[in-house]
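# can't give you the sequence, but here's the structure:
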């Protein structure tokens, strides 16, 4: 595996794609630490020193790569796009016009993709508005003194600027994901989600170690994670040997075909 990774950098085209993907991921991680305007960053640091995310908040913070707790421009992460994609897939079954577009091929897919982008922006506006309400009321960091003072000047223009910034951040992430898909390696959205989760692994591991009995639980979590990775790779690389009987054909005085061969069929995993 290490040899294959080394050989990948010897191919100019593949090396360029790898470096481009890493650069886009670096830009994404940088945006996860840039605070949105209107937030008192000093108060935020005091709140984060006492904050410990649990439940759904911890899950959302994980998928945003920690940007949610940092109240960064990428706080919403890629979740609005994922939600929009799921909604469009469900609507494709319900609405005949969308189903017709899906059957048209590349042109229909482009239309559905464009509608997914518009729906992502709408969902980002709604979610950013709800996030700002939670920040102002102190419910985002519930039970922590000073959490209600994160927005020192909660005027309507300030809130509109915060909504615009968060929505633009989600649109920018969506664009970064599409750039990786077009010019980088693999599916851009999946890589962005992967980088966000990996970025939180050190802090999550430290949190496990700090708990009572954490030194026993930490190796167990590592073992479970390793087993999951091996299982996913095993299923992804799985093959099924299928016997194929080729038909005979007569060309002049010679007969071609007829032997029975074994073909390998790769397992197909959902995108």
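Great, that's in hand. Computed from a predicted structure; not experimentally measured.

# All the strands of the stretch 151-271 of the chain, residue numbers only.
When secondary structure is read from DSSP state E, counting those that start in this stretch, the stretch 151-271 of the chain shows strands at 239-245, 249-251, 254-256, 260-266.

# For the second one, the averaged confidence score.
Looking back up the chat, that one is strand 249-251. Taken as a whole, strand 249-251 has an average pLDDT of 66.

# Same check on the last one?
The predicted model assigns strand 260-266 a mean pLDDT of 53.

# Also stretch 116-132?
Within the predicted structure, the mean pLDDT of stretch 116-132 is 91.

# list the buried ones in that stretch?
For stretch 116-132, burial by neighbour count (16 or more other CB atoms under 10 Å) applies to 116, 119, 120, 121, 123, 124, 125, 127, 128, 129, 131, 132. Every residue, glycine included, has its C-beta placed from N, CA and C.

# Distance check, residue 7 against residue 14.
When distances are taken as CB to CB, to the nearest Å, residue 7 and residue 14 turn out to be 9 Å apart.

# So for those two, which sits in the more crowded spot?
For residue 7 against residue 14, the residue with the higher neighbour count under other CB atoms under 10 Å is residue 14, and the figures read 13 against 10.

# contacting residues for that one?
The contact partners of residue 14, by CB atoms under 8 Å, 6 or more residues apart in numbering, come to residue 8.

# State the pLDDT value of it.
Looking at residue 14, its pLDDT is 83.

# part of a helix, is it?
Yes - judged by DSSP: H, G, I helix; E, B strand; the rest coil, residue 14 forms part of a helix.

# Verify the contact between residue 124 and residue 171 for me.
Yes - under the criterion of CB atoms under 8 Å, residue 124 is in contact with residue 171, at a separation of 7.0 Å.

# could you give me the average pLDDT of stretch 41-61?
Within the predicted structure, the mean pLDDT of stretch 41-61 is 69.

# same deal with stretch 170-180?
Stretch 170-180 comes out at a mean pLDDT of 91.

# Give me the residues contacting that stretch.
The contact list for stretch 170-180 (CB under 8 Å, 6+ apart) reads 20-21, 24, 27-28, 31, 73-74, 76-78, 80-81, 117, 120-121, 124, 128, 186-189, 191-192.

# just checking, residue 218 touches residue 207?
No - using CB under 8 Å as the test, residue 218 is too far from residue 207 to be in contact (10.1 Å).

# What ranges does the stretch 51-200 of the chain have for its helices?
In order along the chain, the stretch 51-200 of the chain carries the following helices (DSSP state H, counting those that start in this stretch): 55-63, 79-94, 96-103, 106-137, 156-183, 188-210.

# now the fifth one and helix 188-210, what's the angle there?
Here helix 156-183 points in a direction 110 degrees away from that of helix 188-210 (axes from the mean of the first three to the mean of the last three CA atoms, to 10 degrees).

# quick one on the thing from earlier: which one of the helices of the stretch 51-200 of the chain lies closest to residue 241?
Relative to residue 241, the nearest member of those by CB to CB is helix 188-210, separated by 29.3 Å.

# In that closest one, which of the residues would be classed as buried?
Buried residues in helix 188-210, counted by 16+ other CB under 10 Å: 188, 189, 191, 192, 193, 195, 196, 199, 200, 208.

# again, but for stretch 149-164
Of the residues in stretch 149-164, those scored as buried under the neighbour-count criterion (16+ other CB under 10 Å) are 150, 151, 158, 159, 162, 163.

# Could you check how far the spatially most central residue of the chain is from residue 6?
Note on the chain: the residue nearest the mean C-alpha position is residue 193, at 2.5 Å, using CA atoms, centre = their mean. When CB to CB is applied, the distance between residue 193 and residue 6 equals 27 Å.

# All set, thanks.
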